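> Next come a sequence and a model predicted from it.
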Amino acid sequence: MLHRYAALTAAATLLLLIAGALVTSTDSGLAVPDWPLSYGMWFPPMVGGIAYEHGHRMVAGVVGLMILALALWLWKAEPRRWVRWLGYGAAGAVLVQAILGGLTVLLLLPPQVSIAHAVLGQAIFCLVVCLAWCTSPAWREARARFVEDRRWPPLALLGMVAALLAVVQLVLGAVIRHTGSAVSWHVLGAVNLALLAGWIVVRARMVRRLAPSVWTFAWRLAGGVALEAAVGTSVWWQGGAVALRTSHVALGSLVLAQAVVLAWETLRDLAPGVRGWAVRRQGGLADYLALTKPRVSSLVLMTTAVGFWLGMRTAAQLALLLPVCVGTALVVGGANALNQWMERGPDALMQRTRHRPLPAGRMSPEAAFRFGLGLSVAGLALLATLVNVLSACLAASAWAIYLIGYTPMKRRTPLCTLVGAIPGALPPMIGWAGSRGALATEAWALFAILFVWQLPHFLALAVLYRDDYARAGFPMLPLVETGGLATARQTALYGMALVPISLFPTLIGVAGAAYFCGATVLGLAFFLIAARAAWVRSRASAQQLFRASVGYLPVLLGLLAYDRVPLG
């Protein structure tokens, strides 16, 4: 029953996307000027554009309740924790989507909000489709992971690239509908996705007996891409008829969902035949994800996106946000994987890292090395080709400093913390370079904030895991000094320095007065916590400082993004 309800919810979500596409195709976005009511009524006269806009709202309300009910059902009945979290994510995204929908009307269809609204809707659809698939009887069937032949790249990697291209096409399509730009990029992406889908079909045919679901999903993807391309061509030929434009959006949604499910299924069923990649099924996808350090990577993506947002000149540049974030995520994930490959020996000695894939023996070093190097090269290539060379160079610099400078220095000197703070502070500059194509004083101000913030954060971490670092032979500052005076002094000084440095964005005209006031309060509060940690010098105070540092940065960056001053 749960699977059937999830499948019904996925179908309803697709219907909602079609209703939204009708609103856009008929230019009915402002047919109703208020929200959440329509002309102050729950049920206004359904005439003209009102029928499309209010109908869209009605469908959205029903689908939103269905997704919330699905999340509740998963919470009560689903034993797999990761499936429950997928449901929670879909429910949370629905609430954000409702807010974005209201803002598109109240702010008179600003392109950036409208694009975010369209993209998030597609993401929700993908989440619900994945929930329908992973709750199906076919998913629960016991199966082994079959080993491919030695062809490179493996089918799993092709599936992930196809999903990535489908996401890029989704964002570009939203940009075209709301700004009219990026048409040539969308056409180029469609050609590449079609070629890749054909390649995947050829490769999947070789394993169709061992992994029939992969073969089924592969030819469905190819057929969907071909049909979407045909409808897209008709849209251009017929001058954008409403039915064709709406069908194009619906087909794009199905192609995206199919690409995501295909990528998931290839990772689940197929182990590449290259030596070291054929890992146990229960440790496969989760272990590769663990190599990328998702929590660290998510923080990097947040700082990258803020840097891009602050440097953005026009809403049309939002088309570059996804390539910037994806490229940066690939480089960061690859660097983290290679870092774990380099430190697999020390990781086995530390309590907090001994369960990682390499020290635990769930993955071979060769597999981790190939995975990390592949992600890094793919990320740099994506930034260089779809964004600009400067962003790729900055990402390459961060990658090199992290792996060639910081990682080896951890075994030799406490100064590694200063070196390690450099690649950690470069992501907002990558975002700025992605939107501007050049660096400026504002980008260096972001770098300074991230650089200084990391130092008390790292020192608190070193105090908390002092015994672990001692077992691994990492000479962190709390280990090489006696009494903890130097650690305390540096913690307090860095906390103090962060207060004026965090005010630079307002002083140089990037942010306004609201950010200035908020940053002052946050900075002083953080300094007091850092000063207490320096004075008390206990594990509890270090834990408090670490938690404060984790909370400080997202709030500060949120204020900065909210109170951004557009630059010319």
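Yes, it's here.

> Distance from the chain centre to stretch 520-534, please.
Remark: stretch 520-534 is offset 30 Å from the chain centroid, using C-alpha atoms, centre = their mean, to the nearest Å.

> swap that for stretch 558-568, sorry
Centre to centre, stretch against its chain (C-alpha atoms, centre = their mean), the figure for stretch 558-568 is 21 Å.

> just stretch 343-363 next, same as before
That offset, for stretch 343-363, works out to 26 Å (C-alpha atoms, centre = their mean).

> cool, and stretch 394-407?
The chain centroid and the centroid of stretch 394-407 are separated by 21 Å, computed with C-alpha atoms, centre = their mean.

> Domain map for this structure?
Structural domains assigned to the chain are 1-142, 449-568, following automatic domain parsing.

> Between those, which has the poorest mean confidence score?
Taking each of the domains of the chain in turn, the lowest mean pLDDT turns up on domain 1-142, with a mean of 87.

> ok, and for stretch 367-387, which residues are buried?
Residues of stretch 367-387 classed as buried: 367-372, 374-376, 378-380, 382-384, 386-387 (neighbour count, 16 or more other C-beta atoms under 10 Å). To be clear about C-beta, it is placed using only N, CA and C from the backbone, and glycine gets the same treatment.

> what's near enough to touch residue 119?
Under the criterion of C-beta atoms under 8 Å, 6 or more residues apart in numbering, the neighbours of residue 119 are 170-171, 174.

> In JSON lines, list those residues along with distance to residue 419.
Formatted as JSON lines, the contacts of residue 119 follow (distance: C-beta to C-beta, whole Å):
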{"residue": "170", "distance to residue 419": "39"}
{"residue": "171", "distance to residue 419": "35"}
{"residue": "174", "distance to residue 419": "40"}
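
> Please report the distance of residue 12 from residue 557.
35 Å (C-beta to C-beta, to the nearest Å).

> thinking again about what came up before, with respect to residue 414, which of the domains of the chain lies nearest?
domain 449-568 (4.2 Å; C-beta to C-beta).

> quick one on the thing from earlier: take the domains of the chain and write them to JSON lines, including distance to residue 325.
Putting those into JSON lines (distance: least, C-beta to C-beta, whole Å) gives the following:
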{"stretch": "domain 1-142", "distance to residue 325": "12"}
{"stretch": "domain 449-568", "distance to residue 325": "14"}
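
> what about residue 348, distance to residue 472?
Counting by C-beta to C-beta, the gap between residue 348 and residue 472 amounts to 9 Å.

> between the two, what contacts are shared?
Taking C-beta under 8 Å, 6+ apart as the contact rule, residue 348 and residue 472 touch no residue in common.

> Ramachandran coordinates for the closest residue to residue 531 other than its chain neighbours?
Closest residue to residue 531 apart from its sequence neighbours, by C-beta to C-beta, 6 or more residues apart in numbering: residue 492 at 5.1 Å. Here the main-chain torsion angles of residue 492 (degrees, to the nearest 10) amount to phi -70, psi -40.

> Now do the same contact list for residue 492.
Under the criterion of C-beta under 8 Å, 6+ apart, the contact list for residue 492 reads 527, 530-531, 534.

> May I have the helix or strand hosting residue 341 as CSV, with CA atoms only?
Under the assignment given by DSSP states H and E, the secondary-structure element containing residue 341 is helix 321-342. Extracted C-alpha coordinates of helix 321-342, given in CSV (Å, rounded to 0.1, in the frame of the first residue of the first chain):
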residue,chain,number,x,y,z
LEU,A,321,24.8,28.8,-10.5
LEU,A,322,24.2,25.1,-11.0
PRO,A,323,27.4,24.4,-13.0
VAL,A,324,29.4,26.4,-10.5
CYS,A,325,28.0,24.5,-7.5
VAL,A,326,28.2,21.1,-9.2
GLY,A,327,31.7,21.7,-10.5
THR,A,328,32.9,22.9,-7.1
ALA,A,329,31.1,19.9,-5.4
LEU,A,330,32.9,17.4,-7.6
VAL,A,331,36.3,19.0,-7.0
VAL,A,332,35.7,19.1,-3.2
GLY,A,333,34.3,15.6,-3.1
GLY,A,334,37.3,14.3,-5.1
ALA,A,335,39.7,16.1,-2.8
ASN,A,336,38.1,14.7,0.2
ALA,A,337,38.2,11.2,-1.3
LEU,A,338,41.9,11.6,-2.1
ASN,A,339,42.6,13.0,1.4
GLN,A,340,41.1,9.8,2.9
TRP,A,341,43.1,7.7,0.5
MET,A,342,46.3,9.5,1.7
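
> which helices and strands sit right next to whichever helix or strand comes after it?
Secondary structure here is assigned by DSSP H and E; on that basis, the next helix or strand after helix 321-342 toward the C-terminus is helix 344-349. Contacts of helix 344-349 with other secondary structure elements, assessed using 3 or more C-beta pairs under 8 Å, 6 or more residues apart in numbering; DSSP states H and E, are made with helix 466-472.

> Show me what the helix it packs on packs onto, helices and strands only.
Using 3+ C-beta pairs under 8 Å, 6+ apart as the contact criterion, the neighbours of helix 466-472 among helices and strands are helix 344-349, helix 477-480.

> Using JSON lines, please lay out those together with distance to residue 181 and mean neighbour count.
Supplementary listing: the helices and strands packed on helix 466-472 in JSON lines, determined by distance: least, C-beta to C-beta, whole Å; neighbours: other C-beta atoms under 10 Å:
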{"stretch": "helix 344-349", "distance to residue 181": "47", "mean neighbour count": "17"}
{"stretch": "helix 477-480", "distance to residue 181": "51", "mean neighbour count": "18"}
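
> Can you lay out those as CSV showing distance to residue 44?
Below are the helices and strands packed on helix 466-472 laid out as CSV (distance: least, C-beta to C-beta, whole Å):
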stretch, distance to residue 44
helix 344-349, 62
helix 477-480, 66
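
> Any idea which of the ones you listed gets closest to residue 223?
Put simply, out of those the one that sits nearest residue 223 is helix 344-349, at 43.4 Å, with distance taken as C-beta to C-beta.

> neighbour count winner among residue 12 and residue 557?
Comparing residue 12 with residue 557 by other C-beta atoms under 10 Å, the one with more neighbours is residue 557, at 22 against 17.

> For the more buried one, list the residues it contacts.
Counting by C-beta under 8 Å, 6+ apart, residue 557 makes contact with 302-303, 306.

> helix, strand or coil for residue 361?
Using DSSP: H, G, I helix; E, B strand; the rest coil, the structure places residue 361 in coil.

> Distance of it relative to residue 287?
Remark: distance between residue 361 and residue 287 (C-beta to C-beta) = 11 Å.

> Out of these two, name the residue with the larger neighbour count.
It is residue 287, of residue 361 and residue 287, that has more neighbours when counted by other C-beta under 10 Å, with 20 against 10.
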